[in-house]
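Novice: show me how the following folds:
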Amino acid sequence: MKKKAPIAILAAAQFVMVLDSSVMNVSITQIVKDLHTTVQGVQLAITMYTLVMAAFMLLGAKLGDIWGRNQAFAIGLAVYGTGSLITAISPNLTVLLIGWSGIEGLGAILVVPAIAALIAANYEGKERALAYAMIGATAAIAVAAGPLIGGWVTTTYTWRYVFVGEVVVVIGVLALRRLIAPAPRAERRPQLDGVGAALSALGLGMFVLGVLQTSAWALSMCLYFILGGVAVLAGFGAWERGRRRKGLDQLLDVTMLRIDQLRAGLTTLLGQQLVLMGTFFVIPVYLQIVLGYDAFETGKRLLPLSIAMLIAAVLGPKVAARRSPKAVAQVGLGAICVGAVVMSATVDVQLNEPAFKLALIFLGAGAGLLASQLGNVIMSSVDPSKTSEAGGLQGTFQNLGASLGTALIGAVLLSALAAGFNSNVADDPSLPASVKQQVAAVTQEGVDVAPVPQVEQAALDAGLPPDQAAAVADHYGAAELQGLRLALIAVAVAAIGSLWFTRKLPRILPGAPEASSTP
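Specialist: Below is the predicted model:
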C-alpha cells in the first residue's frame, strides 16, 4: 500500500469508535462503585449508546453528504472527543448518560459513514480492498482488545483513563486529518429530509430497543417494540419512495437495496456481527463467571483471537484475488462455526488451554476473513456519489447485527440455564419438595448468570442446610456449563445460517481485473 498515512489515521478513528462498549462491559463493577449507581444503571448507558448509533446512523450519513465527508468526519470527531471528556470526568450516572450514550453516540454517527466514504476517496482497486479489510479488522480487534485494555487500565488505574486516552487519540487524528485526501462533494448540496430522518430514527430505535430488552422485558412488550419498529420502517420506505417519485431529496435512496451485491454484503455483515458479538457475550461469561478470571486476565486469554483476526484480515484480499470474495466469506463463516463447536466441546470447570486457543484461532480467522471482504463489497456496489449512504447502511447493519447477537445468544444462554437448573433440581431425589418448589418459582421468573459460590451462599441465606445448599449450587453449575455449551452451538448454527446471505456476493474481487480472479 503506497499511501499508509490515510489508512492509519482512519483506523485509529475506527478503533476508538468501537472500543467503548467492550471497555464498559468489563468495567461495570468499578463504574458502579465510582458513580454510586447500580449495574442496571450502567447497562442502561450501554443500551442507550447502541440505541443512539443504530437510530441515527442514516442521518449521520446524509449529513456527510450535506456538509461534505471531510467536514462531517472532523465535526464528528470533535463531538465524540467532547463526549469522551465528559464521560471521563462524570460524577454520576446522569452525566455518564449525557457524555457517553448521548454525545459520543452522536459523534460516532458522523464518523463511521465518513470513514467508509474517505477510504473510497483515497484508495482504488486492490488497495481499496486492503484498506477496507484493515478497517474491518481494526473494528473487530477493538472488540477483542477492549477487555484487555479496559481490564488492565481499570485494574491498575481507573476506567476514566480509557476515555482520557480516547480524547488524546481524537486530538491526534484531528491534527493529522489533512493527510487524508478530501472526498469529492456532490454537485448540488442536498436538502435534509426531516420526516424521513424522524421515521428512520423512530423505526430503528424501536426495533433495536425491543431486541436489546428481550431478557429484561415481557415478551409481549418486546414484540410490540420490534413489530412497531418494522411497521415504522415500512412507512419510512414508502415515504422515501414517494419523495423519489416527486424528484425530492431523500434521506436514503431505498432503491439501493435492490442491488444484489449491496444487499448480500449488508446481510452477511449482519450475520458476521451477530455471531461475533454473540461469541463475545459468551466467552467473558465463561472466563470471568465460571473460571473466576478478572477483566485483565480475560483480555489476555483472548489474544490468540486478536492475532488470528489481524493475520486473516491482511491475507483475505490476497486470497480473494485468487479465489473470490464469496469463497473467502463462506470460509470465514465456516471457520467461525468450527471454532464455536470446538469451544463448546471444551467448556468445563477447568480450562482446556490447547483446545480453547485452537477455538479462538478459528473464531479470529473467520472474523478476519469476513472483515477483509465485506467493507469493499458493500462500498464497491454503489456509485461513488452514494458512498456516504452506503457507509450509513453499513453502520446500521453492524449495530443491528451486534444487538441481535447479544440478545439472541444471551437469550439461549439464560433460558437454557433456567431450564437446566430447574430440571437438575427436580430430578435430585435427595432434595425435599419444598426446595424443588422454591427453585421452580425462581427459575420461572428467570435466573442470572452468577458464580457457583455465590449461588451456594444465596441458598444458605435462604435457610437451606449446608448439604442442600451445596447440592443446589452443584446443579446450578452444571446447568450453567450446559447453557454456555448450547449458546456456543447457537453461534455455530447462526454462522451456518448466515451462509445463505452470501449467495449474491461477487465471484470476482471488486476493483480487480476479471482475469485475475477465478470464478
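
Novice: counting contacts, what elements does the helix or strand harbouring Ala359 pack onto?
Specialist: Using DSSP states H and E, Ala359 maps to helix 353-379. If contacts are counted by 3 or more CB pairs under 8 Å, 6 or more residues apart in numbering; DSSP states H and E, helix 353-379 sits against helix 105-122, helix 125-156, helix 260-284, helix 303-322, helix 325-346, helix 387-426. Yep, even glycine has a C-beta here, placed from its N, CA and C like the rest.

Novice: can you give me the end-to-end span of stretch 214-224?
Specialist: Stretch 214-224 has an end-to-end distance of 11 Å (CA to CA, to the nearest Å).

Novice: next one: stretch 63-71
Specialist: With CA to CA, one end of stretch 63-71 sits 10 Å from the other.

Novice: what sits up against that stretch?
Specialist: For stretch 63-71, contacts defined as CB atoms under 8 Å, 6 or more residues apart in numbering pick out 72-73, 75, 110, 113-114, 117-118, 121, 177, 180, 182-183, 185-186, 189-192, 388-389, 391-392.

Novice: just the buried ones among those residues, please.
Specialist: 72-73, 75, 110, 113-114, 117-118, 121, 177, 180, 183, 388-389, 391-392 (16 or more other CB atoms under 10 Å).

Novice: identify the farthest-apart pair in those.
Specialist: Arg177 and Glu389 (22.0 Å; CB to CB).

Novice: retrieve the pLDDT associated with the spatially closest residue to Trp152 that is not a sequence neighbour.
Specialist: The shortest distance from Trp152 to any non-neighbouring residue, by CB to CB, 6 or more residues apart in numbering, is to Phe296 (4.8 Å). We have a pLDDT of 79 for Phe296.

Novice: check which helix or strand Phe296 maps to.
Specialist: Assigned by DSSP H and E, Phe296 belongs to helix 295-301.

Novice: list the buried residues of that helix.
Specialist: Neighbour-count burial for helix 295-301 flags Ala295, Phe296, Glu297, Thr298, Gly299, Arg301 (criterion: 16+ other CB under 10 Å).

Novice: three-state assignment of Ser200?
Specialist: Here Ser200 is helix, with the state taken from DSSP: H, G, I helix; E, B strand; the rest coil.

Novice: who's in contact with it?
Specialist: Ala55, Leu58, Leu59, Leu233, Phe236, Leu251, Leu252.

Novice: again, 7 Å this time
Specialist: Leu58, Phe236, Leu251 (CB atoms under 7 Å, 6 or more residues apart in numbering).

Novice: roughly how far apart are it and Leu269?
Specialist: Distance, Ser200 to Leu269, by CB to CB, to the nearest Å: 18 Å.

Novice: also Leu302?
Specialist: For Leu302, the distance to Leu269 equals 22 Å [CB to CB].

Novice: which of the two has more neighbours?
Specialist: Leu269 (29 against 22; other CB atoms under 10 Å).

Novice: what separation do you get for Thr38 and Thr155?
Specialist: In this view, Thr38 and Thr155 are 22 Å apart by CB to CB.

Novice: neighbour count: the two, which is higher?
Specialist: Applying other CB under 10 Å to Thr38 and Thr155 shows that Thr155 carries more neighbours, namely 17 against 12.

Novice: that one against Thr298, yeah?
Specialist: No. Using CB atoms under 7 Å, Thr155 makes no contact with Thr298, being 10.9 Å away.

Novice: outline the domain layout of this protein.
Specialist: According to automatic domain parsing, the chain comprises the domains 1-124+141-189, 193-250, 416-484.

Novice: please work out which of the ones you listed is packed deepest.
Specialist: domain 1-124+141-189 (a mean of 20; mean count of other CB atoms under 10 Å).

Novice: residue contacts, the residue nearest the centre of the chain?
Specialist: Nearest to the geometric centre of the chain sits Ala402, at 3.7 Å (CA atoms, centre = their mean). The contact partners of Ala402, taken as CB under 7 Å, 6+ apart, are Thr50, Gln273, Met277.

Novice: count of residues packed around the closest residue to the last one other than its chain neighbours?
Specialist: The spatially closest residue to Met277, leaving aside those adjacent along the chain, is Gly405, at 3.6 Å (CB to CB, 6+ apart). Around Gly405 there are 26 other residues, counting by other CB under 10 Å.

Novice: contacts only, for Gly405.
Specialist: Counting by CB under 7 Å, 6+ apart, Gly405 touches Gln273, Leu274, Val275, Leu276, Met277, Gly278.

Novice: tell me how far it lies from Thr29.
Specialist: Counting by CB to CB, the gap from Gly405 to Thr29 is 23 Å.

Novice: one more: Leu358?
Specialist: 31 Å.

Novice: do Leu227 as well
Specialist: From Leu227 to Thr29 the distance is 36 Å (CB to CB).

Novice: same thing with Asn92?
Specialist: 17 Å.

Novice: ok, Gln250 next?
Specialist: Applying CB to CB to Gln250 and Thr29 gives a distance of 46 Å.

Novice: repeat that for Ser372.
Specialist: Counting by CB to CB, the gap from Ser372 to Thr29 is 36 Å.

Novice: cool, and Val16?
Specialist: The value you get for Val16 to Thr29, if CB to CB is used, is 23 Å.

Novice: how about Glu456?
Specialist: Distance, Glu456 to Thr29, by CB to CB: 21 Å.

Novice: the inter-axis angle of the helix or strand containing Ala234 versus helix 387-426?
Specialist: Element membership for Ala234, per DSSP H and E: helix 219-245. Angle, helix 219-245 to helix 387-426, by axes from the mean of the first three to the mean of the last three CA atoms, to 10 degrees: 170 degrees.

Novice: which strands or helices does helix 219-245 pack on?
Specialist: helix 194-212 (3 or more CB pairs under 7 Å, 6 or more residues apart in numbering; DSSP states H and E).

Novice: got the CA coordinates for the helix it packs on in CSV?
Specialist: Provided in CSV are the C-alpha atoms of helix 194-212 (Å, rounded to 0.1, in the frame of the first residue of the first chain):
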residue,chain,number,x,y,z
GLY,A,194,-36.6,15.8,8.2
VAL,A,195,-39.6,13.5,8.1
GLY,A,196,-37.5,10.6,6.7
ALA,A,197,-34.9,11.2,9.4
ALA,A,198,-37.5,11.1,12.2
LEU,A,199,-39.2,7.9,10.8
SER,A,200,-35.9,6.1,10.3
ALA,A,201,-34.7,7.0,13.8
LEU,A,202,-38.0,6.0,15.4
GLY,A,203,-38.3,2.7,13.5
LEU,A,204,-34.7,1.6,14.1
GLY,A,205,-34.7,2.8,17.7
MET,A,206,-37.9,0.9,18.5
PHE,A,207,-36.6,-2.3,16.8
VAL,A,208,-33.2,-2.2,18.5
LEU,A,209,-34.6,-1.4,21.9
GLY,A,210,-37.1,-4.3,21.6
VAL,A,211,-34.3,-6.6,20.7
LEU,A,212,-31.9,-5.4,23.4
